[in-house]
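Trainee: With the input below, show me the fold.
(2 chains)
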Amino acid sequence: MAQMWITMGPQHPMTHGLWTLRVKVDGETVVDTEAELGYIHRGVEKIAEARDFTQITPYCDRLCYVSAMTWANSYIYAAEDLLEVEVPERAEYVRLIAAECQRLASHLMWLGAYGPDIGSLTLMTWCMRDREMFLDLLQELGGSRMHYNFPRVGGIKRDIPIGFADRLIAKTKLFEHRIDEYEMMLDESTIWLVRLQGVGYANAEEMVNAGVSGPNVRAAGVNYDVRWAHPYSVYDQVDWEPAVEKPTSVKGADCYDRYRVRMEEMRQSCRMILDAIEKIPGGKNTNYAKGDKMILTKAPSRAPEGATGFSNYECTRGASQFYIQGGGDSRGKNPYRLSIRSPMFITIPYVAKTMIGYKVADIPAIMGSFDPCIGETDR
Amino acid sequence: MGMRISNEQAEAAAEHAANSINERFGGSDVQATVEHHNNAYKMAFTRVVAPPQHWVAVAKHLRFDLGVNYCSMVTGTHYPEGGAERGWEVVYHFLRQPVVDQKPHTHTVHVAEQLNGADVPLEVEAVVSLPQGENPTVPSIQDIWVGADWNEKETWDLVGIQFEGHDNMHRVLNPHDSPDGFHPLQKQHKIRYHDFNEMYDDAQGFLRKPTDEGRVK
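Mentor: As a prediction, the model looks like this:
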């Protein structure tokens, strides 16, 4: 049969954003693929060269519109490395809680978008309902539903409000039960299993060599996680263990394994939140004033030429990294160069190549299982 | 309880890597040192400074002798006032991850405290300085790490550093029909901060445009 190229995207439900997947097909079989990115490139790296270190945070929020808190934190850790700041422990705990709430919200967004990919529209409404709980909690912290601008160099913008802890505990405990509901619904759905199992195999070593990271690699059976391997917050003081899944084939993890590992990761995030809120220094029902020593250390605003800062952060989709060189304009107030490593920018071209050999109908299932986000891909 | 790699483990891994590189490349311009981050944990990492002509040999040593299996990031920087020897700089970040293929229905669960030798996660920063000039060129490491492929594409697209031997180089973030030689992160393309007064008076930016020097399009 004659082979032909078809273009999926930029407007296609499979893409989860604005990008193009060009697929070469032989009948129903995928023979070759090519990813085209860059549709929403905003030049954040260049913009950052004309902003000071506090002003960059909102841009980093907007790198990924479903996972703003983790991206802002990721940037802040690099800026703190550059400016040599040590953060008060209470601020680290609040950041940890906020980042894990964001991880729950992001994974729920992923599951909610993955359901319609597979053909289960109900899942979207369920996930949106639960995600709203965590967006409300994050709104209490940052003041906004999606883009919080919450971390500061040296701490956090403001402390947790009175009563936040009770609401957080109640909602997290409720959500722990909801995870069981999701699993009951999905793991016993024949359609879900047929579409996910045995599709989209990816090997652990191959993924690491290609630069894939995070839950996608843990689905292939290794508990490598930035949170313990390159520690950055108080993750060693709270109760958790990395989610890891046993792959079912020598070919590595399939879409089902990647779904399982994210469900497990949501459980671990709940566990972490419930433990961290009890252990928080200064008490969970205290509200320190803005700029108090408990939540904010005074940080220098200038970095000398030659100073560098690097952060490696377990974002919801993998390891996000920032590299900053100091000594830019305004006598060192701006970075000379800020470089962002987005996990999805590396993953999407890799995933496009793993589709070769599968059917066209499997493309949404494979692509969706890697959780693409185009905001961070194109920067 | 959560676990983490201790400072001593990271220090030992970074020292081993630095010593290994210095031993292997002693006498050439390759220099490896142990550095520390400045935030709370002060974790150690290895910094390698290599001239472009030795870079591929160093990269192969990292990959095949030290087991650094993950190329996470390639950063290019333009230094128009950096002197004759340092007009451009390419900074690579690598990680060593204890990840191996699994047999079906098994998984590896590492306990951070019990890891040793080549299993300890390691962070490597490699700095390659390039001389001043129109065509900064560095050898490609695409063959050594597949993950470097799109990182190098991005670095060429945004900064204009050419990767010699890179297969299938093309624009990834800029439009595909961008003019040749347009690489927006080079420093002759100016960007400045517009304060809010300016933004209100001239929301469309009509008055601003002529002052943005160096715009190609």
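Trainee: can we go C-alpha only for contacts and neighbour counts from here?
Mentor: Fine.
Trainee: just so I have it, where are all the strands in chain A?
Mentor: For chain A, the strands defined by DSSP state E occupy A:3-8, A:20-26, A:29-36, A:151-152, A:155-156, A:308-315, A:318-325, A:337-341.
Trainee: which parts of the first one are buried?
Mentor: When you say that, I think you mean strand A:3-8. For strand A:3-8, a neighbour-count test (16 or more other Cα atoms under 10 Å in any protein chain shown) marks residue A:8 as buried.
Trainee: between the helix ranked longest in chain A and strand A:308-315, how many degrees?
Mentor: With secondary structure taken from DSSP state H, chain A has its longest helix at helix A:89-118. Orientation check (axes from the mean of the first three to the mean of the last three Cα atoms, to 10 degrees): helix A:89-118 against strand A:308-315 gives 50 degrees.
Trainee: hang on, the earlier thing: any chance of the strands of chain A in TSV, with distance to chain B and mean pLDDT too?
Mentor: Output for the strands of chain A, formatted as TSV (distance: least, Cα to the nearest Cα, whole Å; pLDDT from 0 to 100):
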stretch	distance to chain B	mean pLDDT
strand A:3-8	17	89
strand A:20-26	12	91
strand A:29-36	7	90
strand A:151-152	14	90
strand A:155-156	12	90
strand A:308-315	8	91
strand A:318-325	8	92
strand A:337-341	6	92
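Trainee: Pick the most deeply packed of these.
Mentor: Highest mean neighbour count of those: strand A:155-156, a mean of 29 (counted as mean count of other Cα atoms under 10 Å in any protein chain shown).
Trainee: Which other helices and strands does it contact?
Mentor: helix A:89-118 (3 or more Cα pairs under 8 Å, 6 or more residues apart in numbering or on different chains; DSSP states H and E).
Trainee: Turn the strands of chain A into a markdown table, including distance to residue A:286.
Mentor: As requested, those are exported to a markdown table (distance: least, Cα to Cα, whole Å):
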| stretch | distance to residue A:286 |
| --- | --- |
| strand A:3-8 | 52 |
| strand A:20-26 | 49 |
| strand A:29-36 | 50 |
| strand A:151-152 | 19 |
| strand A:155-156 | 15 |
| strand A:308-315 | 28 |
| strand A:318-325 | 32 |
| strand A:337-341 | 36 |
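Trainee: among those strands, which is nearest residue B:48?
Mentor: Distance to residue B:48, taken as Cα to Cα, is lowest for strand A:308-315 among the strands of chain A, at 14.3 Å.
Trainee: how about the CA coordinates for the closest one, as CSV?
Mentor: Extracted in CSV, the C-alpha atoms of strand A:308-315 (Å, rounded to 0.1, in the frame of the first residue of the first chain):
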residue,chain,number,x,y,z
THR,A,308,26.2,30.7,38.5
GLY,A,309,23.2,29.0,39.9
PHE,A,310,21.7,25.7,39.0
SER,A,311,18.6,23.8,40.2
ASN,A,312,17.4,20.3,39.4
TYR,A,313,13.8,20.0,40.4
GLU,A,314,11.3,17.2,40.3
CYS,A,315,8.5,18.9,38.3
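Trainee: Can you tell me what sits against it?
Mentor: Identification of contacts with strand A:308-315 by Cα atoms under 8 Å, 6 or more residues apart in numbering or on different chains yields A:70-71, A:74-75, A:77-83, A:103, A:214, A:225-227, A:230, A:232, A:319-326, B:37.
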